[in-house]
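Q: Let's see this in three dimensions:
(one chain, ligands or ions: 1)
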Amino acid sequence: MKAETETKSREGTDEMAQTPNLDLSGSERAALIFEREKAAVVQTYTRQPIFLVRGSGARVWDASGREYIDFVAGIAVNNVGHCHPAVVGAIARQAKELIHTSNLYYTENQVSLAEELKALTGMDRAFFCNSGAESIEAALKLARRATGRSEIVAAVHSFHGRTLGSLGATYKAVYREPFRPLQEAKFVPFDDPEALAAAVSKETSAVVLEPVQGEGGVNVPSPGYLRAAREVCDDAGALLILDEVQTGFGRTGTWFGKEHSGVMPDVMALAKGIAGGLPMGAILVAQSVSDVFQRGDHGSTFGGGPLVSAAALASIGAIKDERLVERSEEMGAYLRARLAEEIDAIDVRGLGLMVGVELVASCPEIVNRARERGVLLNATSDHVLRMVPPLVVGKEEIDRVVKVLGEIQREP
Ligand SMILES: *Cc1c(COP(=O)(O)O)cnc(C)c1O
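A: Prediction:
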């Protein structure tokens, strides 16, 4: 009986995986995917009810062939646009040569990428991992090793990831509470240098901050804030970790968010936009701490592998060739100006193409209505929309999104 059930379910799975269901309509295929997902995937996500099958530039398409302008970009990941030909080509070429070796051996792409990141940031060395949370884990471990201390100071409304270590520095209590005990940060109001100075002591291993808070609702600090944070850390002998997972790779109209303040951190955490859509994370360390991690102190089986490193090099190349950092600055200014003209907002804020729109209306509801009109948006809370389109986005696409938002606002 048991064996029979097993065979049956295995056959069922094979059938679903192999039959392209060509006679089903797009919406029927979508309904089937929603059902299969519910039965087979752990239910940690509140997903939008669309089934995406293709992307190009700042657009994606669902199974019915419906086109959407993508102002989410995989959550600030697809900076060079969906399926950028340079990234696709680099992945295809590298996949034929060598996909994975582990870090037991030398490979060239990892070294070339580390050199490229050094040149772009002025940092000293790179360590590669596979996600934003992992990059924060590495940074927190390094800070402990460097200082012999364990306390962390982070900001109210911060987001640094969901692993047991990074979760301790993530502000939202609902994310942390079910998983205590954690090593939890002292949280201080963002953009408040006095509160930061009061919280940092000789017990502090690191202060971890986003140059612009992302998940917290696109919060841009005052110009002097990161500089003040740098001084507070220096006075206490604590490390300054800048979490550039979301602000990196042109997102804020500069290569990295730190450039708006001119501050050099001890550790930079990177991920999201680093590899053209493939999963990768990294920390970059300043020269003063570049020998803190010794052989055996940290590691990752996949980190900085040849395939993902090829994608990252190609993506960085595309950002340079297409002047996407400058474009982020220009299009971001255009988007904010158009929103300010057309939308009745409490606040329109951001840097480059990292834009927050604070509204009186329910933003999750606006996200639903915009999707029905072919625009993908993300709400970071009930009253803030976050717009982080691919940096290749054009004025026509921006105009269309602003128009759709205006129409939604004028609806009863
Ligand atoms: C998304 C994000 C993370 C976590 O990245 P994952 O790849 O999801 O682990 C960490 N920090 C910031 C600022 C982020 O935006």
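Q: in this protein, what secondary structure element scores lowest on mean pLDDT?
A: Lowest on mean pLDDT, DSSP states H and E among the helices and strands of the chain sits helix 2-18, with a mean of 44.
Q: can you count the residues close to residue 48?
A: 15 (other Cβ atoms under 10 Å). Every residue, glycine included, has its C-beta placed from N, CA and C.
Q: need the contact list for it.
A: Each residue near residue 48 by Cβ atoms under 8 Å, 6 or more residues apart in numbering is listed here: 367, 368, 371, 376.
Q: Could you count how many residues lie near the first one?
A: Spelled out, that is residue 367. So residue 367, with other Cβ under 10 Å, has 18 neighbours.
Q: Could you report the separation of it from residue 346?
A: Residue 367 sits 17 Å away from residue 346, going by Cβ to Cβ, to the nearest Å.
Q: Can you report how many residues lie near the residue in the chain that the ligand sits nearest to?
A: Closest approach between the chain and the ligand, counting by Cβ to the nearest ligand atom: residue 132, at 2.1 Å. Neighbour count for residue 132, taken as other Cβ under 10 Å: 28.
Q: what do you get for the one 3 residues further on?
A: The burial count assigned to residue 135 is 33, neighbours taken as other Cβ under 10 Å.
Q: try residue 33
A: By other Cβ under 10 Å, 15 other residues sit near residue 33.
Q: name the element it belongs to?
A: Using DSSP states H and E, residue 33 maps to helix 26-40.
Q: Mind checking what secondary structure the residue nearest to residue 349 when sequence neighbours are not counted has?
A: Distance criterion Cβ to Cβ, 6 or more residues apart in numbering; nearest residue to residue 349, sequence neighbours excluded, is residue 356 at 5.0 Å. Look at residue 356: counting by DSSP: H, G, I helix; E, B strand; the rest coil, its state is strand.
Q: And residue 356, how far from residue 384?
A: 5 Å.
Q: okay, the two: which has more neighbours?
A: Taking neighbours as other Cβ under 10 Å, residue 356 and residue 384 compare with residue 356 leading, 25 against 20.
Q: Might one say that that one is in contact with residue 217?
A: Yes. Shown here, residue 356 and residue 217 form a contact pair, counting by Cβ atoms under 8 Å, at 5.6 Å.
Q: any common contacting residues for those two?
A: 380, 384, 386.
Q: Keep only those of those that are in helices.
A: Among these, DSSP state H puts none in helices.
Q: At which residues are the helices of the stretch 101-250 of the chain located?
A: Here the stretch 101-250 of the chain has its helices, by DSSP state H, counting those that start in this stretch, at 108-121, 132-147, 164-167, 173-176, 193-199, 225-236.
Q: I meant to write the stretch 301-412 of the chain there.
A: Taking DSSP H, counting those that start in this stretch, the helices of the stretch 301-412 of the chain run over residues 306-321, 324-342, 363-372, 395-410.
Q: Cool, thanks, talk later.
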